[in-house]
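Visitor: what's the 3D shape of this:
(one chain, ligands or ions: 1)
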Amino acid sequence: MILDAHVHLGHDVVFDEDQSEEQLEEFYAKYQVDGGIIQPYIVRPYLEDTQAIHDRIAAFVKTSTKRWWGMVSINPHFRPQDYEAEAQRCVKDLGFVGLKITPIAHACHPASQDALHVFEMARALSVPLMIHTGAGIPFSDPISVVKALESFKDVVVVLAHAGSEMHNQQATYLAEKFDNLYLEPSWVGVIGVGHMIKRLGSTKVMFSSDNIYQIPVELAKYHSILSDQNDLDNVLYKNVVSVYNLKI
Ligand SMILES: [Zn+2]
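Guide: Take a look at the predicted model:
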């Protein structure tokens, strides 16, 4: 089995990207990936647009032939009561399994008041919080997450892109220090991912594509550096299942 921890649906107004339901069906069939966790591409910062993309994800999860789970992405600067209501609706009513902060797109430093409110929501809803790292320094420097990690040791955190190619040493260092921190190293070069797994073992790293055209590239990285089937199983699906408590 293979599950992808970082999949997008919709239209992204920050990066001008698009990914449709049809493309997801086509590419996940083509590369024999069984599904994964789908989050919105960044919508316009309005509550209705945010609700609409969450509903679109929920509809796709229901009708697709693959196995998907939703991830919540709400601008942390929305009014706290609006953030709470939408996060709660997604997790409790729609069955979503995690929250996401994208510092570069949400203009949100991971140690800001509004970000800490998202940590509180992750704690209250008992779901992991994924935070984008890499592009968008200094907000997206993995070190920006330290303050929150220290105060929220019971919240599971996943660093998306594991700091990316430039900052993955910091992400690896933090994942060594914090038991509740996991890495998804999409876009990190194969040498960086190799060092990461050597230092952390295979239980803290999750296969993620972030983009359909990246699926074969990301899979090839792990087949190039890992030969043990247990390590491959951990990275390709077991870690995402346990971190996000997926029912498979
Ligand atoms: Zn992404």
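
Visitor: Show me the longest strand that occurs in this structure.
Guide: Counting residues, the longest strand found in the chain (DSSP state E) is strand 3-12.

Visitor: For the closest residue to Phe139 other than its chain neighbours, grab the count of nearby residues.
Guide: Of all residues not flanking Phe139 in the chain, Pro103 sits nearest, at 3.8 Å (Cβ to Cβ, 6 or more residues apart in numbering). Where you see a C-beta, it was placed from the backbone N, CA and C, and this is true even at glycine. Neighbourhood size, Pro103 [other Cβ atoms under 10 Å]: 25.

Visitor: Which stretches in this protein count as helices?
Guide: 21-30, 47-63, 80-88, 103-106, 113-125, 146-151, 164-177, 190-200, 215-225, 229-233, 239-243 (DSSP state H).

Visitor: Find the nearest non-adjacent residue to Ile143, please.
Guide: Gln170 (5.6 Å).

Visitor: Pull the number of nearby residues for that neighbour.
Guide: Counted with other Cβ under 10 Å, Gln170 comes out at 19.

Visitor: what sits against it?
Guide: Asp141, Pro142, Ile143, Gly163 (Cβ atoms under 8 Å, 6 or more residues apart in numbering).

Visitor: Most widely separated two among the residues you listed?
Guide: Ile143 and Gly163 (9.2 Å; Cβ to Cβ).

Visitor: Show me which of those two is the more surrounded one.
Guide: Gly163 (29 against 17).

Visitor: quick one on the thing from earlier: turn the helices of the chain into TSV, columns for distance to Gln39 and mean pLDDT.
Guide: Below are the helices of the chain laid out as TSV (distance: least, Cβ to Cβ, whole Å; pLDDT from 0 to 100):
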stretch	distance to Gln39	mean pLDDT
helix 21-30	12	98
helix 47-63	8	98
helix 80-88	13	98
helix 103-106	12	95
helix 113-125	14	98
helix 146-151	19	96
helix 164-177	17	96
helix 190-200	22	97
helix 215-225	16	98
helix 229-233	24	98
helix 239-243	13	98
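
Visitor: any chance of these in a markdown table, with distance to Phe15 too?
Guide: Listed next are the helices of the chain as a markdown table, based on distance: least, Cβ to Cβ, whole Å:
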| stretch | distance to Phe15 |
| --- | --- |
| helix 21-30 | 16 |
| helix 47-63 | 15 |
| helix 80-88 | 22 |
| helix 103-106 | 8 |
| helix 113-125 | 20 |
| helix 146-151 | 25 |
| helix 164-177 | 14 |
| helix 190-200 | 22 |
| helix 215-225 | 18 |
| helix 229-233 | 30 |
| helix 239-243 | 24 |
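
Visitor: neighbours around Gly36, how many?
Guide: 28.

Visitor: and it, what are its bridge partners?
Guide: Gly36 has these beta-bridge partners by DSSP bridges: Asp4, Trp68.

Visitor: From Arg67, how far off is it?
Guide: In this view, Gly36 and Arg67 are 8 Å apart by Cβ to Cβ, to the nearest Å.

Visitor: Surely Pro142 is in contact with Thr133?
Guide: Yes. Between Pro142 and Thr133 there is a contact at 4.8 Å, judged by Cβ atoms under 8 Å.

Visitor: and these two? which has more neighbours close in?
Guide: Neighbours were counted for Pro142 and for Thr133 using other Cβ under 10 Å; Thr133 has more, 32 against 28.

Visitor: Does that one touch Ile143 like I think?
Guide: No. Counting by Cβ under 8 Å, Thr133 sits too far from Ile143 to count as a contact (9.4 Å).
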